[in-house]
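# I'd like to go over a predicted model; first the sequence, then the structure.
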Amino acid sequence: MSQLIVRSKKEEFVNHFRSHYELPMPIWMACELWDFGTMRFLYDGLKTQDKQAIAVALNVQNGELLNSWLRSLNHIRNIVAHHGRLWNRPLVELPALPRRGTMAAFDVLRPQNNTRIYAILCILAHLLNQINPSSNWKKRVVALANSFPSMPHAKLSDMGFPSDWQTHSFWN
């Protein structure tokens, strides 16, 4: 945690705290400095009932499913942050899918595999719908996918998009 504080010299509240108080920083302040990996690591260490409570708040089947999603999202975030390629790239950290019938929207991903970015986009759409239902992120994803040019050797399906993806409830 102290490394995150040291890296945050540009944050005015950190400088104020360091000039007036001694470490440790209160948790409510320290959380502002966390990167996604730190948040995921904290979630991973929570008690099962606390993971479950967070999962329920996000309308996710259970805490272990959410933990799998967070690991996958953290991996994707790191690829993107380091300007890595996502196009036609199989995922290394595969997100688990809910048991059939428990989260109906995800049933359309079967037998579709979860090794491509489309599954991650569906997870993000679900989580964002719980956190900020008025976000226009989903509309931007749809517009971006619809603007994909027609090319013989590169298709949306290369990223795991099924032909009927726009009918999936994630995008409506």
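Here it is on my side, so go on. Residues are numbered from 1 along each chain as shown.
# which ones are touching the residue sitting nearest the centre point of the chain?
The centre of the chain sits closest to residue 73, judged by C-alpha atoms, centre = their mean, with a distance of 3.9 Å. Counting by C-beta atoms under 8 Å, 6 or more residues apart in numbering, residue 73 touches 36, 40, 95, 120, 123-124. C-betas here are computed from N, CA, C, even on glycine.
# one more time with 10 Å
Residues in contact with residue 73 (C-beta atoms under 10 Å, 6 or more residues apart in numbering) are 36, 40, 93, 95, 120, 123-124, 127.
# from the residues you listed, which would you call buried?
The neighbour count (16 or more other C-beta atoms under 10 Å) marks 40, 93, 95, 120, 123-124, 127 as buried among these.
# Domains in this structure, by residue range?
1-34, 37-171 (automatic domain parsing).
# Out of those domains, which is the most enclosed?
Comparing the domains of the chain by mean neighbour count (mean count of other C-beta atoms under 10 Å), domain 37-171 ranks first with a mean of 15.
# Please, which helix or strand holds the residue nearest to residue 13 when sequence neighbours are not counted?
What sits nearest to residue 13 in space, not counting adjacent residues and going by C-beta to C-beta, 6 or more residues apart in numbering, is residue 29, at 6.6 Å. Using DSSP states H and E, residue 29 falls within helix 27-30.
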